[in-house]
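**Student:** coords please:
(one chain, ligands or ions: 2)
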Amino acid sequence: MSIQTVIMAAGKGTRMHSDLPKVLHPILGKPMLWYSIQAVREVQDALPAVVIGHQAEAVRQAVDGLARFVVQEKQDGTAHAVLQTRTVLENQADIILVTSADMPLISGETLQTLAETQRTHSGPMSLLVAEAQDARGFGRILRDENGMVQAIVEETDATQEQRAIRLLNVGVYAFDAAWLWENLPRVPVSPKGEYYITSLIDMAVSAGQQVQPVVLSDLDEIIGVNTRVHLAEATAAMQRRINRRWMLSGVTMISPQDTWIEPQVTLGQDTILWPNTHLKGRTTVGQGCEIGPNTIVQDTVIGNRCKIVASVLESAVLEDDVDIGPFGHLRKGAHLAQGVHMGNFGEVKNSYLGPGSKMGHFSYLGDATLGPNVNVGAGTITCNYDGERKHPTTIGANAFIGSDTMLVAPVIIGDNARTGAGAVVTRNVPENSLAVGVPARVIRKFENRGK
Ligand code: UD1
Ligand code: CA
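**Tutor:** Ligands and ions are numbered 1, 2, ... in the order given. Purely as a prediction, here's the structure:
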């Protein structure tokens, strides 16, 4: 059985009241449409055909490379939207799945079940239905006395009696491909001047064919987004889904509803997340870590057994056994080797801190390379920027940088060297030497301490 999928995403989303197309509104850092594409990729290798129209270029760019795009110049309805994909999809598959980009919670598993249902029954189409108290403006499913699906009536066209029906059209379908391409062009125009995909049900039924419903039991999946109230509901549901998956695989969350993990993040077993932790982008976290409370981590690789409290990490790398915070800030290119300790009010940018190095209090390191076991005294600053260019600082193994040292880059501090409190270092300090003062000068050479 081969499957191809259409994702409808051409509508404007008027009720969002936004300059951004509805399907690009983010849910946990990714555009809504991205989630539909992910779900489709769980059931087929081929890229889905995404129907775009309103702000087509912006939508295309947001998910470029993840889909094939078909432009629907005028949004003449859901049947018209699917018909646009015919040139791309005809003769490519036995089954065509159709879903919408404003239904981001529909799972790959559900799409799989729907396709499987269509494959194993003789009728031309199957559709997802749900029984829900909140009708959300969905189309109502009309059935005959035997419970067979007869038609779908849109809420706006429904009678009082029909509106009371609680069996809803989720808006996700599986079709026999040949039947679909044959019948789509025959869909009649509605009184509103649109071509509804739901008319295909009437057409199948009046031709004496059976339409197979598949009942969705997880009501989170039917959260469709038409307003920003729905967007918040969808975000909360996605958060629950992602957090649940990590908890079941061995991650502790003290308060899951206050823990925000974006979909591409990975976490190791026995890691503990405290409230108000935000893990974003391509972040990966190892085993046995403790993160938060009040921590934001973006695109960062964190090793095992790291501890991070009330800090902000962006595009950084932490090896194992690193501890940071409270109030640490790692910026792009910060690389903390095994066992580094970074205490309160530190900032590190584009720098490597060797294994076991310590930076306890109120320091800035930018464009610096530190060897192992360096002690960075309180208030140490790399003066890496002269107003025009950035310059590097190098600090050798076991060096001891005194409190409030200004390292005026470019500058090199040798292995085992020391600086006195308040030194302003403008020239290189050789290994095994002590430099003090403003500007700092060497006043003593040590025996090579060898360590
Ligand atoms: C549709 C269904 C309704 C179902 C509901 C579930 C129809 C006629 N009605 O209504 O029975 O309960 O979905 O969510 O299908 N789109 C296009 N091009 C168009 C029109 C729409 O790409 O010309 C896209 C929209 O961007 C959206 C999706 O199709 O992603 C659904 O369209 P929308 O207008 O939201 O339909 P509903 O009124 O929600
Ligand atoms: Ca909708």
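
**Student:** what about the residue lying closest to M16 once chain neighbours are set aside, neighbour count?
**Tutor:** Nearest non-adjacent residue to M16, counting by C-beta to C-beta, 6 or more residues apart in numbering: K22, 5.0 Å away. (C-beta placed from N, C-alpha, C; glycine too.) A total of 26 residues lie near K22 under the criterion other C-beta atoms under 10 Å.

**Student:** and what of I395?
**Tutor:** Neighbours around I395, by other C-beta under 10 Å: 31.

**Student:** residue contacts, it?
**Tutor:** Counting by C-beta atoms under 8 Å, 6 or more residues apart in numbering, I395 makes contact with A368, T369, L370, G371, V374, I401, L407, I412, I413.

**Student:** repeat that for T110.
**Tutor:** Applying C-beta under 8 Å, 6+ apart, the residues contacting T110 are A39, L128, V172, L216, D218, E221.

**Student:** OK, contacts around the fifth one?
**Tutor:** Counting by C-beta under 8 Å, 6+ apart, D218 touches S107, T110.

**Student:** picking that back up, which of the contacts of T110 fall in strands?
**Tutor:** If you go by DSSP state E, those have L128, V172 in strands.

**Student:** only the buried subset of the contacts of T110, as a ChimeraX command please.
**Tutor:** Buried subset of these, written as a ChimeraX selection, criterion 16 or more other C-beta atoms under 10 Å:
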select :39,128,172,216,221
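
**Student:** can you sort out which of the contacts of T110 also neighbour ligand 2?
**Tutor:** Restricting the contacts of T110 to those touching ligand 2 (C-beta under 5 Å from the ion) yields no residues.

**Student:** among the contacts of T110, which one sits closest to V205?
**Tutor:** L128 (17.6 Å; C-beta to C-beta).

**Student:** that older thread, quick one: the contacts of T110 as a markdown table, columns for pLDDT too.
**Tutor:** Output for those, formatted as a markdown table (pLDDT from 0 to 100):
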| residue | pLDDT |
| --- | --- |
| A39 | 98 |
| L128 | 98 |
| V172 | 98 |
| L216 | 95 |
| D218 | 93 |
| E221 | 97 |
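
**Student:** with the contacts of T110 in mind, which one is nearest to N384?
**Tutor:** A39 (46.3 Å).

**Student:** distance of the closest one from ligand 2?
**Tutor:** Distance from A39 to ligand 2, counting by C-beta to the ion, to the nearest Å: 17 Å.

**Student:** which ones are touching that residue?
**Tutor:** T99, I106, S107, G108, T110, L111.

**Student:** now, which of those sits nearest T394?
**Tutor:** Nearest to T394 among the contacts of A39, with distances taken as C-beta to C-beta, is G108, at 50.2 Å.

**Student:** what's the average pLDDT for the helix ranked longest in the chain?
**Tutor:** Ranked by residue count and defined by DSSP state H, the top helix of the chain is helix 228-248. The pLDDT scores in helix 228-248 average 98.

**Student:** so what touches it?
**Tutor:** Counting by C-beta under 8 Å, 6+ apart, residues outside helix 228-248 touching it are 16-17, 25, 27-28, 32, 35, 104-105, 136, 220, 223-225, 253, 256-257, 259-263, 267.

**Student:** what's the following helix or strand after it?
**Tutor:** strand 252-253 (DSSP states H and E).

**Student:** picking up where we left off before, buried subset of the contacts of A39, written for ChimeraX?
**Tutor:** Paste this into ChimeraX to select the buried members of the contacts of A39, with burial taken from 16+ other C-beta under 10 Å:
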select :99,106,107,110,111
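
**Student:** turn the contacts of A39 into TSV, including distance to A234.
**Tutor:** Shown next, in TSV, are those (distance: C-beta to C-beta, whole Å):
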residue	distance to A234
T99	15
I106	11
S107	13
G108	17
T110	15
L111	17
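
**Student:** out of the contacts of A39, which are inside helices?
**Tutor:** G108, T110, L111.

**Student:** correct me, but S403 touches G377?
**Tutor:** Yes. Taking contacts as C-beta atoms under 8 Å, S403 lies within contact range of G377: 3.9 Å.

**Student:** hey, what's in contact with both of these two?
**Tutor:** With C-beta under 8 Å, 6+ apart as the test, S403 and G377 both reach A421.

**Student:** what ranges does the stretch 101-250 of the chain have for its helices?
**Tutor:** Counting by DSSP state H, counting those that start in this stretch, the stretch 101-250 of the chain has helices at residues 108-120, 160-163, 177-183, 199-206, 228-248.

**Student:** for ligand 2, find the nearest of these.
**Tutor:** helix 228-248 (9.2 Å; C-beta to the ion).

**Student:** please name the nearest non-neighbouring residue to T85.
**Tutor:** T85 sits nearest to A49 (C-beta to C-beta, 6+ apart), 4.4 Å away.

**Student:** what sits closest to the closest residue to ligand 2 within the stretch 51-200 of the chain if chain neighbours are left out?
**Tutor:** Nearest residue of the stretch 51-200 of the chain to ligand 2: D102, at 4.8 Å (C-beta to the ion). Nearest residue to D102 in three dimensions, chain neighbours excluded: V225, at 4.8 Å (C-beta to C-beta, 6+ apart).

**Student:** what about the one you found, distance to G137?
**Tutor:** 12 Å (C-beta to C-beta, to the nearest Å).

**Student:** quick one, which of the two is more surrounded?
**Tutor:** Set side by side, V225 and G137 show more neighbours around V225, with 26 against 12, by other C-beta under 10 Å.

**Student:** which pLDDT value goes with the more buried one?
**Tutor:** Per the predicted model, pLDDT is 95 at V225.

**Student:** and it, how far from ligand 2?
**Tutor:** V225 is 8 Å from ligand 2, by C-beta to the ion.

**Student:** who's in contact with that residue?
**Tutor:** Residues in contact with V225 (C-beta under 8 Å, 6+ apart) are M16, K22, H25, M32, D102, M103, P104, L231, A234.

**Student:** next: C306.
**Tutor:** V285, G286, C289, E290, I291, L318, D320, D321, V322, D323, I324.

**Student:** thanks a lot, see you next time.
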